[in-house]
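Asker: Quick check, what structure comes out for this input:
(chains A and B)
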Amino acid sequence: MSTIFDLSQPGRNAAAQCADLDGAALARLPEAALRAASPALPEVSELQAVRHYTNLSARNFSIDSQFYPLGSCTMKYNPRGAHRAASLSGFLGRHPLAPERASQGFMECLFALQEILKEVTGMAAVSLTPMAGAQGEFAGVAMIRAYHRARGDLERREILTPDAAHGTNPATAVMCGYTVREVAVDGNGDVDLDALKAAVGPQTAGLMMTNPSTCGVFERQAVQIAQVVHDAGGLLYYDGANLNAILGKVRPADMGFDVLHLNLHKTFATPHGGGGPGAGPVGVGERLLPHLPVPVVAQHEGGYRWLTEDDVPGTIGRLSAFAGNAGILLRALAYALMLGRTGMDRVSDFAVLNAAYLATRLKAAGFELAYPNRAATHEFILTLAAQAKAHGVSAMDFAKRLLDFGMHAPTTYFPLLVPECFLIEPTETECREELDRFVDAMIAIAEEAERDPEHLRTAPHNLPVGRLDDVKAARDLKLRWTPG
Amino acid sequence: MLEQIGVDSIAALFEEIPAELRIGASPSIGPGEAMSEMAMLRWMGERAERDAGLVCFAGAGCYDHHVPAAVWDIAGRGEFMTAYTPYQAEASQGTLQLVFEYQSMMCALTAMDASNASVYDGASGLAEAILMAVRKAARKSRSRRVLMAETLHPHYRDAARNIVANQGVEIETLPMAGGRCELKRLPDDGAFAALVLQQPNFFGLLEDADRLTDWAKGHGAAVIGVVNPLTLSVLKPPGQWGESGADIACGDGQPLGAPMSSGGPSFGFICAKAPLTRQLPGRIIGQTEDAAGRVGYSLTLQAREQHIRRGKATSNICTNQGLLVTAAAVHMALMGAQGLAAAAAASRANTLRLVERLTAIDGVRPLFPGPFFHECALALPKPAPEVLDTLLDRGVLGGVSLAKHFPELGNALLVCATEKRSAEEIDTYAKALAEILR
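Answerer: Presented below is the predicted three-dimensional model:
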């Protein structure tokens, strides 16, 4: 499809968006500070722009239009009411530095969300400022570091992660100045407790893990793991990526975690936006309370006030220009209000039911589960190693062919330790018929793999473009439009 | 479904969770009774309403600009809003091509060679830019010192410092005089990895970006320009500062189609000259082809990213601010260079008018000499927080007090009037301030 630049004609514009340039206003600026030539932005009419981007939108899969079982990403339906609530003009028009007196409505909302997140996690306090899960991880590990440093415990240089962990975990530990040691996961998807015991020591600052783990199973030794790490003087970090499976069932604090982040764009149903924005609030137990990132909302004399560096002298400080992704926080609050007390554990009930059903049906259809002895959580892993060996088709070939059936592919090749894997997360918002349709598609593709493997290897066939050449994209780097 | 699974209750699906960890049969967590959508909207609406209705003269990194109606009609389409990171390129050509177009527009605005697909916000983006420069320096001067202008937004300074705190980066301050970087105080004691300057700076003033850039280049330091993308429709882009241009341009994209929304979500942008392309954090979209030669787009240079490189990635960032980038691309396409320049010039004209009216009041004067763009720091005869509080009662958000971050500047107030402020609103503000200060 043409780019917006290809549609451009010199001198054309969207007249209603284009006031006359007030040259007099610019006249008193020094010549050297001004731009010599206009930037080469597209010159199109309003209709051209609207039509172009509307047509582009049709070239996307999305939750609104397709089943999107992308494991670990929790692609559930985002209630439009939450979007409407965050789009109220009083919220959209609020300047971030408006005085507290003129911000009590907004601050009450943030305080309410802090309290809800404290309750569902069991933590002592929550800061809402991290702008995505990875920034929440950063905040959490930076707090672990601040904690050890405040105690004069300066020799702890290492963060442990299971080898199946999300890539953000080791990347975060490095950003916080730690080295990373990976701990093996056993054949049933649990952390190898002996390996963990061998790995911990006076150098251990903490362990980062998620539960259910990235293997799609509940880590049954959570309490023992916490014991081992705490005995060694380390702290436990909970990556909230998979909270959807245990919402209202288990609280991370009860599993022994000292600090955590939540992915509100996953568990609390805020839209994923084609790559964000998210929000990654952090929760802490008593030990890390003095280090919480600011600003935080506190109750004060019948109203609300901001806690800043002056109130939390041990804070790791602010991590954003203002107070994080406020609009996402409001959506999460709206979602939580609509769920209510009883709705919280209904989320995990149906998320796990849907995953268990899908796993059962796929297994019955002859697909191999990576952890056949384990119960599915909100997600589970399929390995297509047998199909790869028999027919020379990869998990990626299966994934691309699924797109032809009008379904987004599950997460492929993660976790890395399971060969040719699909990480499948249907979420609680899908109905049974949709799950059945997915099973039917998988069966049809498996049959095709036997009959005509080349058809998989060259898939997709029904989309605007065929399989794209990623090697060319990286080799002949073209990162922006150029004329001609 | 339970029958197919072979269990008799949903509870049985959770049996692997040790009993002592479970909350129990009647969960006592959560926000109370479930609300209907209507009830929730009423509850949220009451709170939104409580803060509404102020006429905004505050800037300081977040601006009350007009957003064309079509911007969020497009960005709010479910096809954009409810998709995720475009891992499956063939099913995500909408998002991918749009971000490619966004990257192209940002390169045009900043005069840089490459842009990523966004980071969280301007402040965290600056932290990433500093880490890029330090990695680059690791191969040459090996300096981990960064010289940061005192005239940078104080929240940016704090956030960047906090984010790079544990990576052995030393941040030093280039002091200001008269609200601008003091060129005489440029240090001469060894190498720096980078110089960070903001244009227009936190006080709205124009720095001598050319001379600062040339100094940095002469000392082997990379130049990081923190810029407001709207003003780049008029001001010299960082890629053209001095003899050879800045190396990295970063900042906050809020003026490109994002409502103020309490400061977020907006998006951070990072653009760089070609030699730094592989140091960029986060997603980058590249153009490629399918087997039939059809043009398409996909995530590229992924070997920089955490899901591939894990501990060796350029950053831990995963989710970015995709939807705001969607809005920004549509915004830039609708406004064009001419529309952006007109909005920037109108904002400057309104701020000039505002400053003229406010400084006509006894005891109110510009804090600094020299040209400002569309923000200006004023000296007041009374403490700014007090004045701002009184203005609230008259429906005016009168600006941002500088008392906390720059106490040495006295009773200082930073004001901004965007293209949205009418002459009547500006007069209302001036009249109110005159009465308060009488």
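
Asker: Residue B:388: neighbour count?
Answerer: By other C-beta atoms under 10 Å in any protein chain shown, 26 other residues sit near residue B:388. In short, each C-beta sits where N, CA and C put it, glycine included.

Asker: Next, residue B:271: secondary structure please.
Answerer: Put simply, residue B:271 is strand when judged by DSSP: H, G, I helix; E, B strand; the rest coil.

Asker: Excluding covalently adjacent residues, which one is nearest to it?
Answerer: Using C-beta to C-beta, 6 or more residues apart in numbering or on different chains and skipping the chain neighbours, the partner closest in space to residue B:271 is residue B:112 (3.7 Å).

Asker: Local confidence estimate at residue B:167?
Answerer: We have a pLDDT of 94 for residue B:167.

Asker: With residue A:345 instead?
Answerer: Listed pLDDT for residue A:345 reads 88.

Asker: Number of residues surrounding it?
Answerer: If you count neighbours by other C-beta under 10 Å, residue A:345 ends up with 22.

Asker: Pretty sure it sits in a helix.
Answerer: Yes: with three-state DSSP as the criterion, residue A:345 is located in a helix.

Asker: for it, what are its contacts?
Answerer: By C-beta atoms under 8 Å, 6 or more residues apart in numbering or on different chains, the contact list for residue A:345 reads A:247-249, B:23, B:27.

Asker: CSV for those, including secondary structure, pLDDT and neighbour count?
Answerer: Formatted as CSV, the contacts of residue A:345 follow (DSSP: H, G, I helix; E, B strand; the rest coil; pLDDT from 0 to 100; neighbours: other C-beta atoms under 10 Å in any protein chain shown):
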residue, secondary structure, pLDDT, neighbour count
A:247, coil, 92, 27
A:248, coil, 89, 21
A:249, coil, 92, 21
B:23, coil, 86, 18
B:27, coil, 50, 19
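
Asker: how about those in JSON lines, adding distance to residue B:153?
Answerer: Below are those laid out as JSON lines (distance: C-beta to C-beta, whole Å):
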{"residue": "A:247", "distance to residue B:153": "38"}
{"residue": "A:248", "distance to residue B:153": "41"}
{"residue": "A:249", "distance to residue B:153": "43"}
{"residue": "B:23", "distance to residue B:153": "44"}
{"residue": "B:27", "distance to residue B:153": "44"}
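
Asker: which of those lies closest to residue B:197?
Answerer: residue A:247 (46.2 Å; C-beta to C-beta).

Asker: Give me the distance between the closest one and chain B.
Answerer: 9 Å (C-beta to the nearest C-beta, to the nearest Å).

Asker: Tell me the pLDDT of the residue nearest to residue B:271.
Answerer: 98.

Asker: got the contact list for residue 299?
Answerer: No chain specified, so I'll use chain A. residue A:111.

Asker: meant chain B, my bad for not saying
Answerer: Applying C-beta under 8 Å, 6+ apart, we find residue B:299 in contact with B:85-87, B:89, B:96, B:283-286.

Asker: And residue A:230, by the same measure?
Answerer: Under the criterion of C-beta under 8 Å, 6+ apart, the neighbours of residue A:230 are A:236, A:256.

Asker: what helix or strand does it sit in?
Answerer: Here residue A:230, judged by DSSP states H and E, is contained in helix A:222-231.

Asker: list the buried ones in that helix?
Answerer: Neighbour-count burial for helix A:222-231, counted by 16 or more other C-beta atoms under 10 Å in any protein chain shown, picks out A:222, A:225-226, A:228-230.
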